[in-house]
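K.L.:
with the sequence up front, the predicted model follows.
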Amino acid sequence: MISPTSARFLAASMAAVAVLGAAAGAAMETGFPMPPGQWAFTALALLLPALGWLVADRRPGNLYGWLLLATADCLGLGALGVGLLIVSDSGRPVPVTVLGVLLASLFVPFYGLSWVFVPLFFPDGRLPSRRWRVAAWTAGVAITMHWLGVLLASDEVYVISPIGGPLGITGPGELVVAGLGGLGQLATFAVALVVLGSLVARTRRSTGAERRQLRWMTAGLAGTLGGFLLTSVFLIVDSAALWLGLVTLLGAMPAAIAAAVFRHNLLDIRVGIRGSRFFLVFDLRPTVDELLSELAPGLEEAEPGEQLGRLAGAVRTALDARWAAVTLADGTRVVAGSEEGAAELTVPAGQGRIACGPKGAGRFTGDDRRLLRALAVPVGLAIQSAGLAARLVNAQEAERRRIERNIHDGVQQEIVALIAGLELARATGGDSAMLALLRDQARQTLDDLRELAAGIHPSVLSQGGLAEALEERCSRLPVASTVHVDPEVRVRRFPDEVEGAVYFTVSEAVANALKHARASALDVRLALAGGRLQVEVADDGAGFDPATAVRRGLVALADRMAALGGGLDVVSGEGKGTRVRAWVPVHD
């Protein structure tokens, strides 16, 4: 697929070819100073490439912009070809004449594209239905027949060059070529009339902004065909009717497209006045990639809740909605704008949903729905991130309360009892037996403090590393346990948050095996492979059904792993033991 930069360069190049070709052709045809008619032609020839460039530059994936540019190039190069033929009539070499004939013949595909494909693919670059494929192929063949007829016919049939057609066929093939060209022209015009009838029917069936857009295209196609008929009738008469026909032939279609774009937001282009100097502002609705590129710096720095607010605002702006809301699975709701009126557009986004209120002007279109579905992907990721952050906060709060409860109910009471014993010993002149008892109480308090610290962040983890901390943790277990550590992991240190997450995952898995599974043996494995630090805890306990069991502790650990970009899974079965696997990415 072509990159955005390449697409912009290609669109600008095609537009430049159309504009320069038309301007150069007009100048070569009459010389300078050009008469008003040539200036008018040049001005009209600028409309189509400008519209095509605007669409293709901002919507490279939309076929319609490239179709407009191809049509404009046929017009511009055709005008250049006529200019070359005028120059060649003054004694230029034959190759110039041949090039001029080839370029001038591009007026034929210009007419065909303007009559059939530009209105047929209106407004979104797609056929109205699959049934129109036959008409499109028929028009393509007819345009090719007409073009070959013009290019290869003799001067008696089509006068394409003032000094004669250098590629013209004479003799028996002359009638075949002439018939081929005439039949192609009639077939192209017939398909154009069918397309005009379909536009009328589509206009009657449609409503709202789409109906107004189709009205403009219907008028544009009618004006183009009418202009062609006028120029054909008054071709040899320099009259007002001829000039009217040329103006409608070249300007009706671009004018209709411009009106549909600027008056009815055909391609999400809005026109406004900026400031006191009356600058026109062309506000193209950004694509999903453009929106995310613009939002990315702010989203990286924002908290999850703030991310949802910014994304809701982006949805509201992109769809021109009065309000937009992002709702999480737990009912949390973030709204951008003033929530007035019922939601008119709702799509799921991860574990939540996005809802949009009434549109600022008109109704939501198919493009609006496609854009909202595309935006639902990053919004869903933000919802998932917000939910993960909330669970982590809840888990941290629960852990804080557990530590507070353990200190209050355990160590604090022991210290109070120790102080009371010391006061009694000082008052009574305690003997050696009392002092020995107080010493044992102090040692027990110290052991309890160390055990409590091990549940927060063991000192051995900070000093000796992950492997030594896991071995020390498992050495104090009341059941048989083995710890297997890869040599590379044993001599390497990892970030504190990584080592802490892995250590507490093992601690939780071990505690569950002892408390709930009644395991008699444990096996812990720590390895580094594929840029991942992996740990596995397996026991021979009773096991459980993962589909029905409540695993609050492991859920919190899984969230902690997910926050580091890793994951955790549990494999178990009743009577088959349990295997807890966790991993987290690490970098060299």
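P.N.:
Nice, I can see it.

K.L.:
and the closest residue to Phe364 other than its chain neighbours, what does it touch?
P.N.:
Here the nearest residue to Phe364 in space, its sequence neighbours aside, is Leu345; by C-beta to C-beta, 6 or more residues apart in numbering that works out to 5.2 Å. In this view, the C-beta of every residue, glycine as well, is placed from N, C-alpha and C. By C-beta atoms under 8 Å, 6 or more residues apart in numbering, Leu345 lies in contact with Leu319, Ala321, Ala355, Cys356, Phe364, Asp368, Arg369, Leu372.

K.L.:
ok, what's across the strand from Leu345?
P.N.:
Leu345 has the following beta-bridge partners by DSSP bridges: Cys356.

K.L.:
so for it, what's the pLDDT?
P.N.:
Looking at Leu345, its pLDDT is 82.

K.L.:
before we move on, what about Leu249?
P.N.:
Listed pLDDT for Leu249 reads 81.

K.L.:
what of Gly421?
P.N.:
Gly421 is given a pLDDT of 70.

K.L.:
quick one: neighbours of it, just the number.
P.N.:
Neighbourhood size, Gly421 [other C-beta atoms under 10 Å]: 17.

K.L.:
tell me the secondary structure at it.
P.N.:
Applying DSSP: H, G, I helix; E, B strand; the rest coil to Gly421 yields a three-state assignment of helix.

K.L.:
strands of the protein, start to end?
P.N.:
Secondary structure of the chain, counting by DSSP state E: strands at 269-274, 279-284, 323-327, 333-337, 345-349, 352-356, 480-485, 521-529, 532-539, 567-572, 578-585.

K.L.:
I'd like these written out as CSV, with distance to Thr231 added.
P.N.:
Formatted as CSV, the strands of the chain follow (distance: least, C-beta to C-beta, whole Å):
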stretch, distance to Thr231
strand 269-274, 31
strand 279-284, 33
strand 323-327, 51
strand 333-337, 52
strand 345-349, 47
strand 352-356, 48
strand 480-485, 88
strand 521-529, 76
strand 532-539, 72
strand 567-572, 70
strand 578-585, 69
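
K.L.:
which of the contacts of Leu345 count as buried?
P.N.:
For the contacts of Leu345, a burial check counting by 16 or more other C-beta atoms under 10 Å picks out Leu319, Ala321, Ala355, Cys356, Phe364, Asp368, Leu372.

K.L.:
could you check how far the last one is from Trp39?
P.N.:
Leu372 is 46 Å from Trp39, where distance means C-beta to C-beta, to the nearest Å.

K.L.:
before we move on, the earlier item: quick one: closest of the strands of the chain to Val315.
P.N.:
Among the strands of the chain, strand 323-327 comes nearest to Val315, with 4.2 Å by C-beta to C-beta.

K.L.:
between strand 333-337 and that closest one, find me the angle.
P.N.:
Calculated by axes from the mean of the first three to the mean of the last three C-alpha atoms, to 10 degrees, strand 323-327 forms an angle of 170 degrees with strand 333-337.

K.L.:
could you shift the numbering so residue one becomes 154, and keep it that way?
P.N.:
Yes, from this point I'll number from 154; that puts the last item at strand 476-480.

K.L.:
can you list the strands that strand 476-480 pairs with?
P.N.:
Partners of strand 476-480, by DSSP bridges, with direction: strand 486-490 (antiparallel), strand 505-509 (antiparallel).

K.L.:
right, and those - which one's nearest Trp396?
P.N.:
Minimum separation from Trp396 across these (C-beta to C-beta) falls at strand 505-509, 49.0 Å.

K.L.:
list just the nearest of the buried ones among the contacts of Leu498 to Gly380.
P.N.:
So of those, ranked by how close each gets to Gly380 (C-beta to C-beta), first place is Asp521, at 34.9 Å.

K.L.:
now do the contacts for the closest one.
P.N.:
Leu472, Leu498, Lys512.

K.L.:
if I look at it, how far off is Leu216?
P.N.:
Per C-beta to C-beta, Asp521 is found 19 Å from Leu216.

K.L.:
over to Ala467?
P.N.:
Taking C-beta to C-beta, one finds Ala467 at 27 Å from Leu216.

K.L.:
what's the pLDDT at Leu201?
P.N.:
90.

K.L.:
I'd say it and Leu221 touch.
P.N.:
Yes - Leu201 is within contact range of Leu221, at 5.9 Å (criterion: C-beta atoms under 8 Å).

K.L.:
so which residues of the stretch 554-703 of the chain form helices?
P.N.:
565-581, 585-609, 612-617, 619-628, 640-643, 649-668 (DSSP state H, counting those that start in this stretch).

K.L.:
quick one, domains of this structure?
P.N.:
154-257, 437-542, 546-606, 618-738 (automatic domain parsing).

K.L.:
how about Lys512, what does it touch?
P.N.:
By C-beta under 8 Å, 6+ apart, the neighbours of Lys512 are Leu472, Asp473, Ala474, Arg475, Glu497, Asp521.

K.L.:
repeat the analysis, applying 7 Å as the threshold.
P.N.:
With contact taken as C-beta atoms under 7 Å, 6 or more residues apart in numbering, Lys512 is in contact with Leu472, Asp473, Ala474.

K.L.:
tell me which of the residues you listed is nearest to Phe185?
P.N.:
Phe185 lies nearest to Asp473 out of the contacts of Lys512, by C-beta to C-beta, at 47.2 Å.

K.L.:
what about that closest one? Give its phi and psi, please.
P.N.:
With angles defined as degrees, to the nearest 10, Asp473 sits at phi 50, psi 40.
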